[in-house]
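1. The following comprises the amino acid sequence and a computationally predicted model.
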Amino acid sequence: MTGFDEFWAAYPRREKKQAARDAFTWAMKKHNAGGDLLTRILDTLAWQGQAQPDARYWQQADKWLLGCRWEDERPESPAERESRIALAAAEAEFQKWKAQGHPAYTPFATFQEFRERRRA
């Protein structure tokens, strides 16, 4: 099975196969410097397929490839988002107390150092 065949089998909207093949060839020539482009494409298709399982809402394969959609960032899960927000709030609180000279926070140069010492 060729790289394009693997891509075509994984892509949910199978229209304009020759245009997709040409776009795949272009992507492999232009963006495969590390040799891992097919893996990145297939990984992206996997998480995008979970996010949008209905093929009607997918671009045609050639447009997806020409748009370098394998470079799309994976959206964070609700738990990841919640954790990121809580960490940002805690860091803001640390900076506020440190700026006010609170004795519990003053010895620490950074929030990261404060967190590491608290865990120990």
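-> Right, received. Where do you want to start? Residues are numbered from 1 along each chain as shown.

2. Which parts of the chain belong to which domain?
-> What automatic domain parsing lists as the domains of the chain is 3-71, 78-119.

3. buried residues in the helix or strand containing Glu93?
-> Using DSSP states H and E, Glu93 sits in helix 78-99. Buried residues in helix 78-99, counted by 16 or more other CB atoms under 10 Å: 94, 98. C-beta: built from backbone N, CA, C; applies to glycine.

4. helix or strand right after it?
-> Following helix 78-99 in sequence, per DSSP H and E, is helix 111-119.

5. report the angle between the axes of that next one and helix 78-99?
-> 100 degrees (axes from the mean of the first three to the mean of the last three CA atoms, to 10 degrees).

6. Report the buried residues of helix 111-119.
-> For helix 111-119, burial by neighbour count (16+ other CB under 10 Å) applies to 111, 114.

7. Just checking the distance from that helix to the centre of its chain.
-> 28 Å (CA atoms, centre = their mean, to the nearest Å).

8. could you say what helices and strands it packs with?
-> helix 78-99 (3 or more CB pairs under 8 Å, 6 or more residues apart in numbering; DSSP states H and E).

9. Against which helices or strands is the helix it packs on packed?
-> By 3+ CB pairs under 8 Å, 6+ apart, helix 78-99 packs against helix 111-119.

10. Compare the domains of the chain and say which comes out lowest on pLDDT.
-> Per-stretch mean pLDDT for these is lowest at domain 78-119 (a mean of 78).

11. Would you mind finding the most buried of the domains of the chain?
-> Burial of those is given as mean neighbour count (mean count of other CB atoms under 10 Å); domain 3-71 ranks first at a mean of 15.

12. Can you give the distance from it to the centre of its chain?
-> Distance, centroid of domain 3-71 to centroid of chain: 16 Å (CA atoms, centre = their mean).

13. Likewise for stretch 63-77?
-> For stretch 63-77 - counting by CA atoms, centre = their mean - the centre lies 8 Å from the chain centre.

14. Stretch 65-81 too?
-> Distance of stretch 65-81 from the chain centroid (CA atoms, centre = their mean) equals 4 Å.
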